[in-house]
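# I need the structure of the sequence given here:
(one chain, ligands or ions: 1)
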Amino acid sequence: MLLDDTDRVLITKEQLAARVAELGKQISADYAGKTPVLVCTLKGAFTFFADLTRAIDIPVTTDFVAASSYGSGAVSGGSVQLRKDLDNSILGRDVIIVEDIIDTGITLQALADVMQARKPNSLRICCCLDKPSRRRNGLKADYVGFEIPNEFVVGYGLDYNELYRNLDAVYVLKHSIYE
Ligand code: PRP
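As a prediction, the model looks like this:
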């Protein structure tokens, strides 16, 4: 069974649902009267994105982007390769990048730089999980679901070798699986 590969649950599905509902309310209030575009960063954010969009009760549009993983030589502020770009222009739009996890912050900083260059009206970041202890730059998300310790987490969209994304909560992966 897939769960046998995990040590313990870190964030339960009830905790996720409650926090996502709060984030949805907060975003709905902050963007009242506007129609923001929610940008899902594939693949990891797909589950969080599906829940978050349904917790928002103002009009939104959605778009999807996939950033390539960076190599070990990557530095903060480096460029990012888009494996899948947005379908639509974000010029003048209120953009919210929706991310599953911020670790070093390198991927998201580079992605935010690419988006900012396209001259949106505003740009904010909403992440489900934040590992501030791993940060290698000054990146801060505007909306954070949970701050977590430096554990190898899977589930709720997050993978190890493309597996475990379908677990319905956030689990700590057993050391023996990735060592
Ligand atoms: C993960 C995650 C972030 C990035 C975070 O993506 O979705 O994009 O890593 O790491 P960072 O803060 O150190 O840059 P991953 O490359 O695993 O791709 P995936 O979303 O397709 O699983």
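# Report the secondary structure state of Asn150.
Following DSSP: H, G, I helix; E, B strand; the rest coil, we place Asn150 in the coil state.
# Would you mind confirming that Asp142 makes contact with Arg124?
Yes: at 4.1 Å, Asp142 counts as touching Arg124 under the criterion of Cβ atoms under 8 Å. All C-beta spots, glycine's among them, are computed from the backbone N, C-alpha and C.
# Just the pLDDT for Gln81.
Predicted confidence (pLDDT) for Gln81: 86.
# what's near enough to touch it?
Contact analysis of Gln81 by Cβ atoms under 8 Å, 6 or more residues apart in numbering lists Ala67, Ser68.
# Surely Tyr178 and Tyr160 touch.
Yes: at 5.9 Å, Tyr178 and Tyr160 qualify as touching, with contact defined as Cβ under 8 Å.
# shared neighbours, these two?
Phe152.
# Between the two, which has more neighbouring residues?
Tyr160 (15 against 11; other Cβ atoms under 10 Å).
# ok, that one to Val37 distance?
30 Å (Cβ to Cβ, to the nearest Å).
# contacts for the helix or strand hosting Asp100?
Using DSSP states H and E, Asp100 sits in strand 94-102. If you take Cβ under 8 Å, 6+ apart as the criterion, strand 94-102 is touched by 27, 31, 34-41, 44-45, 47-49, 52, 108, 111-112, 115, 120-131, 135, 139, 141, 143, 153, 156-158.
# Going along the chain, name the strands of the protein.
Along the chain, counting by DSSP state E, strands occupy 6-11, 37-42, 61-67, 82-84, 94-102, 122-130, 143-147, 153-154, 170-173.
# Could you spell out the sheet neighbours of the fifth one, each with its direction?
According to DSSP bridges, strand 94-102 forms sheet pairs with strand 37-42 (parallel), strand 122-130 (parallel).
# out of Asp142 and Arg124, which sits in the busier spot?
Arg124 (18 against 15).
# pLDDT weak spots in this protein?
69-79 (pLDDT under 70).
# which bits of it sit near the ligand?
Proximity of the chain to the ligand, by Cβ under 6 Å from any ligand atom, involves residues 41-44, 69, 99-108, 159.
# Weed out the non-buried ones from the residues you listed.
41, 43-44, 99-108, 159 (16 or more other Cβ atoms under 10 Å).
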